[in-house]
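Chemist: output the structure for:
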Amino acid sequence: MRADLGKDPSQVSAMFDRVAARYDRTNNVLSVGNAPLWRVATTRAVAPKPGDRILDVAAGTGTSSASLAKSGASVVAADFSPGMIEVGRRRQASVPNLVFVEADATKLPFGDGEFDAVTISFGLRNVNEPKLALAEFFRVAKPGGRLVICEFSHPPVAFVRTGYHAYQRYVMPPLVRLSSSNDTAYEYLNESINAWPDQPTLAGWIREVGWVDVEWRNLTMGVVALHRARKPLA
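Modeler: Next up, the predicted model:
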């Protein structure tokens, strides 16, 4: 069983439960070693510091959350997959300023204005109502709070885009079979990437719910895009 582009929350959650144990290893293989570089770029964009309270949504096994917590910030790793949270709590048990919470990105169990920064990496496209999630991120951020989204996107240069699509079609499937515990789940990965909007469209969605100073930069020639924004002080 695998999720489809209807993104039924129970289906998506169950799919991630099944791939949790080997999720990080598979991501490193499929990204051809770029996943750690994307994580470093995201952490720098969030710019965590001691005393900050940071929400990492769709945190999975907490790899990105642990990177943020190294700064001394207090990090909440939220995910709606119990399987991911179970693996994350075990792997990140030595990180004292990191807690895991089971949560739906569209109905966050937090009060208004709780977080200095909200971030999500490779998770927004798995949410069935991404605009509602963006509005929830806005609600729980403090005035002046930061938003950082790292997500697969669309390379703007034609020959790069063609090469990337060839990689998705011909190279990724055998790599998935070698590295993943559930290769059918990664069929959904490709479908969800190709159906996801481009960089300007996502920037527009972010602005729609109230974020300001919205900007993005491409990573790996636009295979991934890093969007940043700020909640107004007023």
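Chemist: just the buried positions in stretch 82-90, please.
Modeler: 83-88 (16 or more other C-beta atoms under 10 Å). C-betas here are computed from N, CA, C, even on glycine.
Chemist: got it, and stretch 41-55?
Modeler: So for stretch 41-55, counting by 16+ other C-beta under 10 Å, buried means 41-43, 45-46, 48, 52-55.
Chemist: what's the farthest-apart pair in these?
Modeler: Put simply, by C-beta to C-beta the two of the buried residues of stretch 41-55 set farthest apart are 41 and 53, 21.8 Å from each other.
Chemist: how close does residue 196 get to residue 64?
Modeler: In this view, residue 196 and residue 64 are 19 Å apart by C-beta to C-beta, to the nearest Å.
Chemist: between the two, point out the one with more neighbours.
Modeler: residue 64 (26 against 18; other C-beta atoms under 10 Å).
Chemist: do I have it right that that one meets residue 43?
Modeler: Yes: counting by C-beta atoms under 8 Å, residue 43 is a contact partner of residue 64 at 7.3 Å.
Chemist: contacts for the helix or strand residue 162 falls within next, please.
Modeler: Assessed by DSSP states H and E, residue 162 sits inside helix 158-166. Applying C-beta atoms under 8 Å, 6 or more residues apart in numbering, the external contacts of helix 158-166 come out as 154-155, 221-223.
Chemist: can you list the buried residues in that helix?
Modeler: Buried, per 16+ other C-beta under 10 Å, within helix 158-166: 160, 164.
Chemist: need the CA coordinates for it. CSV is fine.
Modeler: Extracted in CSV, the C-alpha atoms of helix 158-166 (Å, rounded to 0.1, in the frame of the first residue of the first chain):
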residue,chain,number,x,y,z
ALA,A,158,15.8,23.4,-19.4
PHE,A,159,18.8,21.0,-19.7
VAL,A,160,19.0,20.6,-15.9
ARG,A,161,15.3,19.9,-15.8
THR,A,162,15.6,17.2,-18.5
GLY,A,163,18.5,15.5,-16.8
TYR,A,164,16.7,15.5,-13.5
HIS,A,165,13.6,14.0,-15.0
ALA,A,166,15.8,11.3,-16.6
